[in-house]
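J.: Sequence plus the predicted model coming up.
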Amino acid sequence: MEKDYINILVFGHTTFGIRPLRVKKETFRIAAYLLIFLQISITFFFCDYVQVRKKTFQLNQLRQESKIQKSHIQLFSTKIKELENKLSGLKDINYRIRIIANLERGRETLPFIGMGGSSPSTTRGKSVPPGKSGEEPRIEKLKREEPQEIALTNKADATLYPDALPAEASPEPQ
């Protein structure tokens, strides 16, 4: 039976002397296993705690980056809206300039195929002075879904086409 116990002698500096402590080997093994398990558990929880702290630090960094990116996106979206507004204004101005310069036909123009009168090819080279035509040019408003534009047309037989030069700019045949 002595093999089943471990004797531990405790020396003290008091007058009580030496105290014997007797522990079973099985109890000593259980205590050693519990101590090892406790040490492993503490190590695991400490490592887990360190990982959680790292993740919270990274999470805070990502939140800050997200806020910065959201502010950049909002800034860019407002700039894009401003550019879209400017672009639509420029398109409107471009359309007006084209109408004034007679570079494109309005949507309401009717085709002249099969109608009587002189052909556009014969009227291109001829210039008609405003006094001889009998009527002054009049202003017509073109109907359009966008803002209404004003175009000058001549009521005489001479019709201006987008590719034709105005009567003042065309050379007169002699």
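T.: That came through, no problem. Residues are numbered from 1 along each chain as shown.

J.: Report pLDDT for E145.
T.: E145 is assigned 48 on the pLDDT scale.

J.: So which other helices or strands are in contact with the longest helix along the chain?
T.: Counting by DSSP state H, the longest helix found in the chain is helix 25-100. Under the contact definition 3 or more CB pairs under 8 Å, 6 or more residues apart in numbering; DSSP states H and E, helix 25-100 sits against strand 5-11, strand 149-153. Any C-beta I mention is one placed from the backbone N, CA and C, and that applies to glycine too.

J.: Would you work out how far apart the start and end of stretch 10-25 are?
T.: Taking CA to CA, to the nearest Å, stretch 10-25 runs 18 Å from one end to the other.

J.: residue ranges with poor pLDDT in the chain?
T.: The chain contains residues with pLDDT under 70 at 1-3, 104-174.

J.: so where does P20 fall, helix or strand?
T.: strand 18-24 (DSSP states H and E).

J.: so what strands line up beside that strand?
T.: If you go by DSSP bridges, strand 18-24 pairs up with strand 5-11 (antiparallel).

J.: For the strand it pairs with, which outside residues touch it?
T.: I18, R19, P20, L21, R22, V23, K24, K25, F28 (CB atoms under 8 Å, 6 or more residues apart in numbering).

J.: can you put those in CSV and add neighbour count and distance to I36?
T.: Converted to CSV, the contacts of strand 5-11 look like this (neighbours: other CB atoms under 10 Å; distance: CB to CB, whole Å):
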residue, neighbour count, distance to I36
I18, 8, 30
R19, 10, 27
P20, 8, 27
L21, 9, 21
R22, 9, 23
V23, 12, 17
K24, 11, 18
K25, 11, 16
F28, 13, 13
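
J.: Farthest-apart pair in those, please.
T.: Greatest spacing in the contacts of strand 5-11, by CB to CB: I18 and K25 (21.7 Å).

J.: Tell me how far I42 lies from V50.
T.: Separation of I42 from V50 (CB to CB, to the nearest Å) stands at 13 Å.
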